[in-house]
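*Asks:* Fold the following.
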Amino acid sequence: MTYLNPPRVPRNVELPPRQALHAGSTQVLVIGGGPAGIGAALGAANAGAQVILVERYGFLGGNATAALVMPLMSFHNEVKQAVAGDAARLLPPDHGEGEPVVGGVLWVLLEQLVRAGAAIRPSVETGYTVPFDAELFKLVVYDLLEKHEVRTLLHAFASGVVPLPDRARAVFETKSGPLVIDADVIVDCTGDGDIAAAAGASYDIGRPEDGWTQPMTLMFRMVRFDQEEFANYARSHPDQWKGVHGLWDLVRAATDAGELDLPREDMLFFATPNAGEVAVNSTRVTEVLGTSVWDLTRAEFAAHRQMEQIARFLRGRVPGFGQSYVVQSGVQVGVRETRRILGEYELTGEDVLTARTFDDAIARGAYPVDIHNPSGRGTTLRRLPRGASYDIPLRCLIPRGVDRVLVAGRCISGDHVAHSSYRVMPISMATGQAAGVCAALASARGRLPREVSVEAVQRELRAQGASLR
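*Replies:* Here you go, the predicted structure:
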């Protein structure tokens, strides 16, 4: 293999000291422009704070756009049993009628997406997911940040944080050289908890028995897909397709013929808002860690080779794909799980599955426990009680022993099981909005985030339309 492996004997070398451009100061600095970062920036701006958002890529949207994670998963509880519909619609058929448990800036984004023709509103017909167009998603987010006067910097990778007597200083690597931005509070929306870890926060990674995380997936889009032809196959083979996944017999035949070599037993793909297009979620790279440059490199090689196998399999063996081809893959492999920063409370799988409530709740979730096997085939899916949702406490956003950094998104404090539910993008956006609000109030009152009363955060969140009990 041609990728670079880690050195057999680690050896550190000294680098010369350097200077960085002081790029500015702000009340709230949001690092990471994915769903959590968008939520944090808008939440802080709506609470009256000056906000800078910094993103490593040349566009916003995070996993929604960089990794093509489509659609937005359901953020509704399930109050009524699903009625079996058309199993070939390529949207989840097993989620019954429910009420949204995430509000606030998520709905601001969704309304903008729908108005732009970039998304389909969640409903029974969509399985309460939100199919969206990734390219239009980028434009809608630009417009939202501009409307809320959020200053944005792209193409800047956060590499560290320096504590100051009364502020925090983040360090970024850019084409213009290193630069720093000072802030009263930093909201870490990197997904990996990079900034909180650099500031000294403790964290867990993976499942407790062996440290392995959920596998990585390279998402990709295929076009010239004939959905009616595929639907005819699915209807005539009802045991082979279950809404968004299946093709077990075809996968087995291709595997036995040496055409497929995948650590999963089926195909998973979703419809998008665009006719003749499908989003494929079927690559799986196991036993790799998203905070290792060596593993990420290996995962990209493996995932792209799996993508080529899957595309050839779909074209050659699956009705509806005869004329299809890959039009786009993710800018990078999609990472489900890395660091979980240890906060003042750790949300547990039991909290999720028993729909536990908390006095300091700042967000809610109802998405199932959804664990892709870290070691190979199989996915564990466990639903909440009918019509229920769980709370996420503010304490999960406050790293232990770190003063001016909050976390939001999939790196908040929780165990491996709870993480598999709250990692999805709508819930990430809700924890982002809460972190942004807490950061804004801390700055305005000259306090540390942990000194802000939860009642004040909840009051502002409700004023912004967030869904709390």
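*Asks:* Would you tell me what the next helix or strand after the lengthiest helix in the chain is?
*Replies:* Across the chain, the longest stretch assigned as helix under DSSP state H is helix 293-317. Counting by DSSP states H and E, the next helix or strand C-terminal to helix 293-317 is strand 325-329.
*Asks:* tally of neighbours for Arg11?
*Replies:* 5 (other CB atoms under 10 Å). To be clear about C-beta, it is placed using only N, CA and C from the backbone, and glycine gets the same treatment.
*Asks:* Any regions of this protein where pLDDT drops low?
*Replies:* Low-confidence segments of the chain (pLDDT under 70): 1, 81-87.
*Asks:* still on that earlier bit, tell me which strands and helices the longest helix of the chain is in contact with?
*Replies:* When contacts are defined as 3 or more CB pairs under 8 Å, 6 or more residues apart in numbering; DSSP states H and E, helix 293-317 sits against strand 220-223, helix 248-256, strand 277-280, strand 325-329.
*Asks:* Which stretch among the ones you listed is buried most, on average?
*Replies:* Looking across those with neighbours counted as mean count of other CB atoms under 10 Å, the highest average goes to strand 277-280: a mean of 23.
*Asks:* so how far is that strand from its chain's centroid?
*Replies:* Strand 277-280 sits 18 Å away from the centroid of its parent chain (CA atoms, centre = their mean, to the nearest Å).
*Asks:* Summarise which helices and strands that strand is packed against.
*Replies:* Judged by 3+ CB pairs under 8 Å, 6+ apart, strand 277-280 is in contact with strand 220-223, strand 267-271, helix 293-317.
*Asks:* at 10 Å what do you get?
*Replies:* With contacts defined as 3 or more CB pairs under 10 Å, 6 or more residues apart in numbering; DSSP states H and E, strand 277-280 has these neighbours: strand 220-223, helix 227-236, strand 267-271, helix 293-317, strand 325-329.
*Asks:* Parallel or antiparallel, which strands does the shortest one pair with?
*Replies:* Think strand 220-223. strand 277-280 (antiparallel), strand 325-329 (antiparallel) (DSSP bridges).
*Asks:* just so I know, which of these lies nearest Ala199?
*Replies:* Ranking the strands paired with strand 220-223 by their distance to Ala199 (criterion: CB to CB) puts strand 325-329 first, at 33.6 Å.
*Asks:* after the closest one, next one along is what?
*Replies:* Proceeding N to C from strand 325-329, the next assigned helix or strand is strand 339-341, under DSSP H and E.
*Asks:* distance between that following strand and the chain's centre?
*Replies:* 14 Å.
*Asks:* so what strands line up beside that strand?
*Replies:* On the basis of DSSP bridges, the sheet neighbours of strand 339-341 come out as strand 203-205 (antiparallel).
*Asks:* Just the residues contacting the partner strand, thanks.
*Replies:* Under the contact criterion CB atoms under 10 Å, 6 or more residues apart in numbering, strand 203-205 has outside partners 192-193, 196-197, 211-213, 289-291, 337-343, 346, 399-400, 407, 411, 413-416, 419.
*Asks:* Take the residues you listed and keep only those in helices.
*Replies:* Judged by DSSP H, helices contain the following of the contacts of strand 203-205: 196-197, 416, 419.
*Asks:* Closest to Ala116 out of these?
*Replies:* Scanning the ones in helices among the contacts of strand 203-205 for proximity to Ala116, where the rule is CB to CB, the winner is His419, at 31.6 Å.
*Asks:* for Leu353, what are its contacts?
*Replies:* 368-369, 382-385, 388, 390, 417-418, 421.
*Asks:* Ala158 bridge partners, please.
*Replies:* Beta bridges link Ala158 to Phe172, judged by DSSP bridges.
*Asks:* That one: how many residues sit nearby?
*Replies:* Once other CB under 10 Å is used to define contacts, Ala158 is seen to have 22 neighbours.
*Asks:* cool, Glu99 as well?
*Replies:* Residues near Glu99, counting by other CB under 10 Å, number 14.
*Asks:* coming back round to it: what would the strands paired with strand 220-223 look like in CSV with distance to Ala463?
*Replies:* Formatted as CSV, those follow (distance: least, CB to CB, whole Å):
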stretch, distance to Ala463
strand 277-280, 36
strand 325-329, 39
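*Asks:* Could you check those strands and tell me which one is nearest Ile186?
*Replies:* The closest of those to Ile186 is strand 325-329. By CB to CB, the value is 31.7 Å.
*Asks:* Would you mind pulling the contact partners of the closest one?
*Replies:* Outside strand 325-329, the residues that touch it by CB under 10 Å, 6+ apart are 67-68, 134-135, 218-225, 277, 279-280, 283, 303-304, 307-308, 310-311, 314-315.
*Asks:* just the buried members of these?
*Replies:* Of all those considered here, the ones buried according to neighbour count by 16 or more other CB atoms under 10 Å are 67-68, 134, 218-223, 225, 277, 279-280, 283, 303, 307, 310-311, 314-315.
*Asks:* follow-up on the earlier one: narrow the contacts of Leu353 to those in strands?
*Replies:* The subset of those located in strands under the criterion DSSP state E comprises 369, 382, 390.
*Asks:* I'd say the second one and Ala418 touch.
*Replies:* No: using CB atoms under 10 Å, Arg382 is not in contact with Ala418, being 11.5 Å away.
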